[in-house]
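Asks: Below is the sequence, then the predicted model.
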Amino acid sequence: QVQLVESGGGLVQAGGSLRLSCAASGRTFSNYAMGWFRQAPGNKREFVSAISWSGRNTYIGDSVKGRFTISRDNAKNTVYLQMNSLKPEDTAVYYCAARRNWTSKEPSEYDYWGQGTQVTVSS
């Protein structure tokens with residue numbers, strides 16, 4: 001079992017920045033690829049970014065490319081999502097997720113999920 005706890009969400013004005021954190025506990029964190037997803041009301045869960053177990057490989061969704069950056073610190077069992085130049089359409093609940101070995105852009109391929117953190121961007 002892997003437990004995931006997100007933090008760092010909140011209310012920010014358009015153009016602002018937030019950094020989300022996801023702290024993991026349980027199994028060996030460095031065995032897991034990590035992903036960030038988001039879900040706005042009435043929408044499907046959307047891929048935001050993913051990072052390999054080593055941190056060497058990262059993937060970013062088209063809608064956030066150039067604005068968001070994913071990173072991880074395996075010594076701290078934490079993955080981060082730096083969000084810059086935020087837009088109102090970035091408003092959603094943001095979830096982190098973990099899966100063994102390889103990254104994926106598909107939510108259904110992740111085994112463990114956090115409870116989510118709300119990000120609201122005002123115009």
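Replies: Now that the structure is in, tell me what you want to look at. Keep in mind the model is a prediction, meaning the values are calculated, not measured.

Asks: Just the element for the residue most central in space within the chain, please.
Replies: For the chain, Trp36 is the residue whose C-alpha lies nearest the centre (Cα atoms, centre = their mean; 2.4 Å). Assessed by DSSP states H and E, Trp36 sits inside strand 32-39.

Asks: By neighbour count, which bits of that strand are buried? Give me those.
Replies: Under the neighbour-count criterion of 16 or more other Cβ atoms under 10 Å, strand 32-39 has Tyr32, Ala33, Met34, Gly35, Trp36, Phe37, Arg38 buried. (Glycine included, C-beta is placed from N, CA and C.)

Asks: just stretch 56-72 next, same as before
Replies: The neighbour-count check on stretch 56-72 (16+ other Cβ under 10 Å) flags Tyr59, Ile60, Gly61, Val64, Phe68, Thr69, Ile70, Arg72 as buried.

Asks: From the residues you listed, pick the one nearest Ser25.
Replies: Here the nearest of the buried residues of stretch 56-72 to Ser25, counting by Cβ to Cβ, is Arg72; it sits at 14.6 Å.

Asks: Does that closest one touch Val79 like I think?
Replies: Yes: with contacts counted by Cβ atoms under 8 Å, Arg72 reaches Val79, the gap being 4.4 Å.

Asks: okay, and the common contacts of the two?
Replies: Taking Cβ atoms under 8 Å, 6 or more residues apart in numbering as the contact rule, the neighbours common to Arg72 and Val79 are Met34, Ile51.

Asks: Would you list the phi and psi of Glu109?
Replies: Backbone torsions of Glu109, given as degrees, to the nearest 10, read phi -90, psi 0.

Asks: separation between Ala75 and Phe29?
Replies: As judged by Cβ to Cβ, to the nearest Å, Ala75 and Phe29 stand 9 Å apart.

Asks: So those two - more neighbours on which side?
Replies: When neighbours are counted by other Cβ atoms under 10 Å, Ala75 and Phe29 differ, and Phe29 comes out ahead with 22 against 8.
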